[in-house]
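Participant: need a 3D model of the sequence below.
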Amino acid sequence: RKQEAEQLLLDLDHLYAMNQQGTEAFSIYQYWNKLEREKKAILYVDSVKNMLSQQAENEVFRKAALVSEIARFGLWNKINISIEKLIINKSLELGLENQNLIKSYQNIGRALTSMGNVSDAIRWHKKAKILHEEIYGEDHPESVLSYIDLGEAFHELKDFDKALNNYRKAISLLELHDTKNFRYKAICYSDMGLTLSEIGEHNQSIDCHQNALEIKLTKLASNHPDIATSYNNIGFSYALNNDYSRAIEFYKKAIQIEHPEIGSAYNNLGAAYYKLEDFISAATYFEKSLSLLLQKNLNPLNIVSTRGSLINVMRYFEIEKIEDTEVLMVAGNSHMILENFDEAIEYFKKGLENTSDPKEKSTLGQLNKKIGKAFYKKAFKGLADPFDIPDPKILTTSTDYLRRSLPFLIKTFGVKNDEVIEVYKLLGHAYTRMGDLSGNEFKDLARWSELRAKGEFTGDVNSSTFESKVARYSGMTYEYAQEIEEELKAFYDL
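Facilitator: Residues are numbered from 1 along each chain as shown. Here you go, the predicted structure:
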């Protein structure tokens, strides 16, 4: 089926039909993201070359442009450049010096900038600008894009004066024509703000980012990812101006919105708190940032940077004698994300020693769960093959702590809570790997809790429905599942 999917995606006619029926280029790129990505998508170049050599209708150029757009989403710069050059050669062969040719020049320039080949990028952007002026005349509103592209390229070259000149020219053109294109104006102010920060003009930078934000808020929903980008940019400018409290204010607004750079926003928050010497908050946000970056498999350089920042905060925990349970949990969490499981266990156990009052059931549940999870991760760390057998002694210790956590977590949050579900799943996997059939029961308990969290099994429960929808591994009855949960609650009362 995977090969069939790839063949359909590589069929330009089928691809174009999908797009015409409403499947956007980004969605098509996401299909490739689940398949062979650029490795197989490179075959598009030959397909486009063959198509352009045999046909010359407008639809052919639209098909080629669609492939180029897909490549841009994937940052497949070599594919993008190859296809745009094929489009350019065919256009020039047919004498078609038009807006499509300008777009191809611009797309090649952007791809080269992304690859770090900025000098060549500028050459292509200038070709786009010259052709645009030849066709539409000077000071045409659509020339704005060429000025923005040139500004971004000069910024990458660290020629900040030329970058600013191009951004200012773009803004003056937008104002001259009183254009309603809010997107270009917002981009100009954002780019200008980034460049002003590079030359130390932080107050002007903040003003530019605020202008960009105000423009976006007139057209976009308050939870749009572009709004988050502006909040993050404003926060960054305040941080560069050593106003960390204001920086934190805007970073916190940025993390309230789901967006691609949310991992970096958490990292920026951690850095701001670190500067204020609030190491507890710094560790919390660095940990969250690293977790997101690893989970989404994002920029390796950002992962290395955030990991380094978290390690620096860990030095504070090592130097200071920590007694506070909350701080011990933060230190343990940080070591967990760094995969220092022995250190994490040590901090969590100290926290457990400090929490002797059974009334603190939430904390007791969390700490037992964290210790159990740390032992679980330690047991599986370094296994070359997923079917290798983990150390049974470590895994047994893990299950002991995980089971100990359940009564407290259930009493605190109820059985439909994510914390309880995660413990059920960990126990299910651990016992299964140990050859213990009770692992199947915990897998089914996890399934039951998930279904109840979604609103199922709220009234009278039909036994056959329970067995078909829940008891997939163990074959347990509804009555037996109830008994297990009652035993766990009774254990807490004891």
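
Participant: what about Ala471, which helix or strand?
Facilitator: Here Ala471 sits in a region with no helix or strand, counting by DSSP states H and E.

Participant: test my guess that it contacts Leu445.
Facilitator: No - Ala471 lies out of contact with Leu445 (Cβ atoms under 8 Å); the separation is 10.0 Å. (Glycine included, C-beta is placed from N, CA and C.)

Participant: for those two, list the residues in contact with both.
Facilitator: Ala481 (Cβ atoms under 8 Å, 6 or more residues apart in numbering).

Participant: who has more neighbours, these two?
Facilitator: Leu445 (27 against 22; other Cβ atoms under 10 Å).

Participant: quick one: contacts for that one?
Facilitator: 424, 428, 481, 484-485.

Participant: can you list contacts of stretch 429-441?
Facilitator: In contact with stretch 429-441 (Cβ under 8 Å, 6+ apart) are residues 376, 379, 389-390, 392, 395-396, 398-399, 402, 427-428, 442-443, 473-474, 476, 484.

Participant: now do 6 Å
Facilitator: 395, 398-399, 428, 473-474, 476 (Cβ atoms under 6 Å, 6 or more residues apart in numbering).

Participant: swap in stretch 201-217?
Facilitator: Residues outside stretch 201-217 that contact it (Cβ under 6 Å, 6+ apart) are 182, 185-186, 189-190, 192-193, 196-197, 226-227, 230, 233-234, 237, 240-241.

Participant: which element follows the worst-scoring helix or strand of the chain on mean pLDDT toward the C-terminus?
Facilitator: Using mean pLDDT, DSSP states H and E, the weakest-scoring helix or strand in the chain turns out to be helix 300-319, at a mean of 72. Scanning forward in sequence from helix 300-319 by DSSP H and E, the next helix or strand is helix 325-337.

Participant: in that next one, what counts as buried?
Facilitator: Residues of helix 325-337 classed as buried: 325, 327-337 (neighbour count, 16 or more other Cβ atoms under 10 Å).

Participant: confidence-wise, which of these comes last?
Facilitator: For the buried residues of helix 325-337, the weakest pLDDT value sits at Val327, with 82.

Participant: what's the closest non-adjacent residue to that one?
Facilitator: Distances taken as Cβ to Cβ, 6 or more residues apart in numbering place Ile280 nearest to Val327, at 5.7 Å, with adjacent residues excluded.

Participant: state the distance from the one you found to Ile248.
Facilitator: Counting by Cβ to Cβ, to the nearest Å, the separation of Ile280 from Ile248 is 14 Å.

Participant: so for these two, which residue has more residues nearby?
Facilitator: Between Ile280 and Ile248, counted using other Cβ under 10 Å, the more crowded position is Ile248 (22 against 16).

Participant: which SS class is Lys158?
Facilitator: coil (DSSP: H, G, I helix; E, B strand; the rest coil).

Participant: state the number of residues packed around the closest residue to it other than its chain neighbours.
Facilitator: Among residues not flanking Lys158 along the chain, Glu198 sits closest, at 7.5 Å (Cβ to Cβ, 6+ apart). Neighbour count for Glu198, taken as other Cβ under 10 Å: 14.

Participant: ok, Lys443 next?
Facilitator: 22.

Participant: quick one: pLDDT of it?
Facilitator: pLDDT at Lys443 comes out at 95.

Participant: I figured it was touching Leu426, is that so?
Facilitator: No - if you go by Cβ atoms under 6 Å, Lys443 and Leu426 don't touch, sitting 10.5 Å apart.

Participant: can you pull out the helices in the stretch 1-150 of the chain?
Facilitator: Using DSSP state H, counting those that start in this stretch, the helices of the stretch 1-150 of the chain run over residues 2-10, 12-20, 25-34, 38-41, 43-54, 58-73, 77-93, 99-114, 118-136, 144-156.

Participant: could I get these as a markdown table with mean pLDDT, mean neighbour count and distance to Ala254?
Facilitator: Shown next, in a markdown table, are the helices of the stretch 1-150 of the chain (pLDDT from 0 to 100; neighbours: other Cβ atoms under 10 Å; distance: least, Cβ to Cβ, whole Å):
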| stretch | mean pLDDT | mean neighbour count | distance to Ala254 |
| --- | --- | --- | --- |
| helix 2-10 | 76 | 13 | 35 |
| helix 12-20 | 86 | 15 | 33 |
| helix 25-34 | 77 | 15 | 22 |
| helix 38-41 | 75 | 15 | 30 |
| helix 43-54 | 84 | 16 | 36 |
| helix 58-73 | 83 | 20 | 23 |
| helix 77-93 | 88 | 19 | 28 |
| helix 99-114 | 89 | 22 | 24 |
| helix 118-136 | 92 | 18 | 28 |
| helix 144-156 | 93 | 23 | 22 |
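
Participant: would TSV of those with distance to Ala271 be doable?
Facilitator: Output for the helices of the stretch 1-150 of the chain, formatted as TSV (distance: least, Cβ to Cβ, whole Å):
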stretch	distance to Ala271
helix 2-10	41
helix 12-20	42
helix 25-34	30
helix 38-41	33
helix 43-54	41
helix 58-73	30
helix 77-93	30
helix 99-114	26
helix 118-136	28
helix 144-156	22
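
Participant: among those helices, which comes closest to Asn368?
Facilitator: helix 25-34 (37.8 Å; Cβ to Cβ).

Participant: so the closest one versus helix 58-73, what angle?
Facilitator: 60 degrees (axes from the mean of the first three to the mean of the last three Cα atoms, to 10 degrees).
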